[in-house]
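# curious how this folds, go ahead:
(2 chains)
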2 protein chains.
Amino acid sequence: MHHDRSLLSQVAIILVRPKFPENIGSAARVAFNMGVKRLILIRDELPEREPMAKMATHKAAHLIDNMEVYKTLEEAIAPFSIIIGTTARLGKRRAMEKTPREVVEKVIPDLPNNQLAILFGPEDSGLTNDELKYCRYISSIPTADFSSLNLAQAIAIHCYELYYQIVYAPHAYEPRPHIATSHELEGMYQHVEETLLRIDFLEEKSHTYWMNNVRQFLGRLRLTSKEAKIIRGICRQFLWHQGRDQSE
Amino acid sequence: MHHDRSLLSQVAIILVRPKFPENIGSAARVAFNMGVKRLILIRDELPEREPMAKMATHKAAHLIDNMEVYKTLEEAIAPFSIIIGTTARLGKRRAMEKTPREVVEKVIPDLPNNQLAILFGPEDSGLTNDELKYCRYISSIPTADFSSLNLAQAIAIHCYELYYQIVYAPHAYEPRPHIATSHELEGMYQHVEETLLRIDFLEEKSHTYWMNNVRQFLGRLRLTSKEAKIIRGICRQFLWHQGRDQSE
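Sure, this is the predicted structure:
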């Protein structure tokens, strides 16, 4: 059983294209408050330090100075095995959506052996469907009809659940094994996609639709690194075999 | 069993001497987001509407326009039977402190028959000990060593717990009866104090200390209105009797 606050070092907050540097600062401040110290920014350029550092206050300014910056989400999440996407609740609940409490309960047993990234989209528009497809879990804060929590508030509630469940009220669990990272899964998906195209399972028209279904299905299996390698190996072998047959 | 969101109408957020009008607006916005629609302000004067309404956004501006304003906390809480005070965690946990989750769990069975006020102190200094003495529960958000959630974030987390437990994941409970309001309790405490002074139980030097203990003890009993009246009646009778004896 692990329930010490060192598990919080497995967690990163990823801000996907936030508009306002001040919000990056507020995010740093609230994350640090709850013991989360790793902040990753997806943005074409790093904003000026001043407005970020001011909102972070001097206590959390080092999160800004140590912030990792990437141009694409795919690069940033490559080393992570557990990815949570956050969405504002709009209209009816999507099937995959869970509350922050439920999602955190689910991922805690993974933390001893796996790194967790929580994704927050731009202030106005949120994460795109394309970005959500990387996410194993989708977390949505239950609110009344009017839903407009700001970025720092949404981060506060997610980090509150993490801190609460890890440090304050830990429950017993069996730590789970290493699961495949986003990088390993993406490599596997590419091989699977190529294979499915080759056998004409994926057609031009509905390509993305079916491939997203395949991603969700394979994502749900929580494959280990080794299992992802095996699936890639099978696809590679199939493709090689096909190529040989066709050249005969 | 009651678990509908109409229970949220039993809840008020009380802002005690907030410094910045913008924070009153943010508080309105986040409270309304979570279905809490009653906002009470303790302040010598009402701030300008503009900076409050701007932060509230037009969706929650009516909370600002309907906000009740009082000069003293005592007046404001008079009709409330359940009072939660919030504090930032400084150093070690006080004996009475609980987390927002624990406090909300405790008060929900009271909501069908009783009104709940959640008090938030000024941004820099928080609620005073004198203000905390009115509170049946003290709620403190668990955080890492560095604790500086802002006002709207603290309100967001408390309202998230309320909304979650009332609307999203209600559990079965027996609704509890009417309990005495703050106004009724304060009247009773005055009579009790007068009686304890008369019998020299309270001495000049340690007066406040012992009286706070008596308040906490009687507060924990969750007296009904009727029981509070009975205790007052006993005190009144005692005082009248004493007066008669002394004039003999």
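
# from here on, contacts and neighbour counts on C-alpha atoms
OK.

# A:Thr128 and chain B: what is the separation?
Distance of A:Thr128 to chain B, computed by Cα to the nearest Cα, to the nearest Å: 23 Å.

# next, the contact list for that residue, please.
A:Gly121 (Cα atoms under 8 Å, 6 or more residues apart in numbering or on different chains).

# next one: phi and psi at it?
When read as degrees, to the nearest 10, the backbone of A:Thr128 gives phi -80, psi 160.

# quick one, phi/psi of the residue sitting nearest the centre point of chain A?
Centroid-nearest residue in chain A: A:Ile83, 2.5 Å away (criterion: Cα atoms, centre = their mean). Main-chain torsions, A:Ile83, degrees, to the nearest 10: phi -130, psi 120.

# now do the buried residues in the lengthiest helix in chain A.
Counting by DSSP state H, the longest helix found in chain A is helix A:225-247. Neighbour-count burial for helix A:225-247, counted by 16 or more other Cα atoms under 10 Å in any protein chain shown, picks out A:Ser225, A:Ala228, A:Lys229, A:Ile231, A:Arg232, A:Cys235, A:Arg236, A:Leu239.

# list the contacts for the first one?
Contacts for A:Ser225 (Cα under 8 Å, 6+ apart) come out as A:His178, A:Ile179, A:Ala180, A:Thr181, A:Glu184.

# check the second one too.
Residues counted as contacts of A:Ala228 (Cα under 8 Å, 6+ apart) are A:Ala180, A:Glu184, A:Leu185, A:Met188.

# so what pLDDT did it get?
If you check A:Ala228, the pLDDT there is 89.

# how far away is A:Lys98 from A:Ser140?
6 Å (Cα to Cα, to the nearest Å).

# now swap in A:Met67 and tell me
25 Å.

# who has more neighbours, those two?
When neighbours are counted by other Cα atoms under 10 Å in any protein chain shown, A:Met67 and A:Ser140 differ, and A:Ser140 comes out ahead with 23 against 17.

# the more buried one and A:Glu102 touch, don't they?
No: A:Ser140 lies out of contact with A:Glu102 (Cα atoms under 8 Å); the separation is 10.0 Å.

# list the buried residues of stretch A:208-222.
Neighbour-count burial for stretch A:208-222 [16+ other Cα under 10 Å]: A:Trp210, A:Met211, A:Arg215, A:Gly219, A:Arg222.

# over to stretch A:71-84?
Under 16+ other Cα under 10 Å, the buried positions of stretch A:71-84 are A:Leu73, A:Ala76, A:Ile77, A:Pro79, A:Phe80, A:Ser81, A:Ile82, A:Ile83, A:Ile84.

# as CSV, these with secondary structure would be great.
Shown next, in CSV, are these (DSSP: H, G, I helix; E, B strand; the rest coil):
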residue, secondary structure
A:Leu73, helix
A:Ala76, helix
A:Ile77, helix
A:Pro79, coil
A:Phe80, coil
A:Ser81, coil
A:Ile82, strand
A:Ile83, strand
A:Ile84, strand
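
# count the neighbours of A:Tyr173 for me.
A:Tyr173 - counted by other Cα under 10 Å - has 12 other residues nearby.

# isn't it up against A:Pro109?
Yes: counting by Cα under 8 Å, A:Tyr173 touches A:Pro109, with 6.2 Å between them.

# any low-confidence regions in chain A?
A:1-3, A:89-95, A:146, A:171-172, A:246-248 (pLDDT under 70).

# for the contacts of A:Ala228, give me a markdown table that also has secondary structure, neighbour count and distance to chain B.
Below are those laid out as a markdown table (DSSP: H, G, I helix; E, B strand; the rest coil; neighbours: other Cα atoms under 10 Å in any protein chain shown; distance: Cα to the nearest Cα, whole Å):
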| residue | secondary structure | neighbour count | distance to chain B |
| --- | --- | --- | --- |
| A:Ala180 | coil | 23 | 30 |
| A:Glu184 | helix | 20 | 33 |
| A:Leu185 | helix | 24 | 34 |
| A:Met188 | helix | 23 | 38 |
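
# pick out the most distant pair among the residues you listed.
A:Ala180 and A:Met188 (10.0 Å; Cα to Cα).

# kindly report the residues of chain A close to chain B.
Within chain A, the positions lying close to chain B (Cα under 8 Å from any Cα of the partner chain) are A:30, A:32-35, A:59, A:142-149, A:152-153, A:156-157, A:160, A:163-164, A:168.

# can we see that at 10 Å?
A:5, A:26, A:29-36, A:57, A:59-60, A:99, A:101, A:141-150, A:152-161, A:163-164, A:167-168 (Cα under 10 Å from any Cα of the partner chain).

# and the residue nearest to A:Pro18 when sequence neighbours are not counted, how far is that from A:Ala12?
Residue nearest to A:Pro18 in three dimensions, not counting chain neighbours: A:Pro122, with 4.5 Å by Cα to Cα, 6 or more residues apart in numbering or on different chains. Distance of A:Pro122 to A:Ala12, computed by Cα to Cα: 17 Å.

# more crowded one of the two?
More crowded of A:Pro122 and A:Ala12, by other Cα under 10 Å: A:Ala12, with 21 against 15.

# could you give the bridge partners of that one?
For A:Ala12, the beta-bridge partners are A:Arg38, A:Ala117 (DSSP bridges).

# likewise for the one 4 residues further on?
In this structure, A:Val16 bridges to A:Ile42 when assessed by DSSP bridges.
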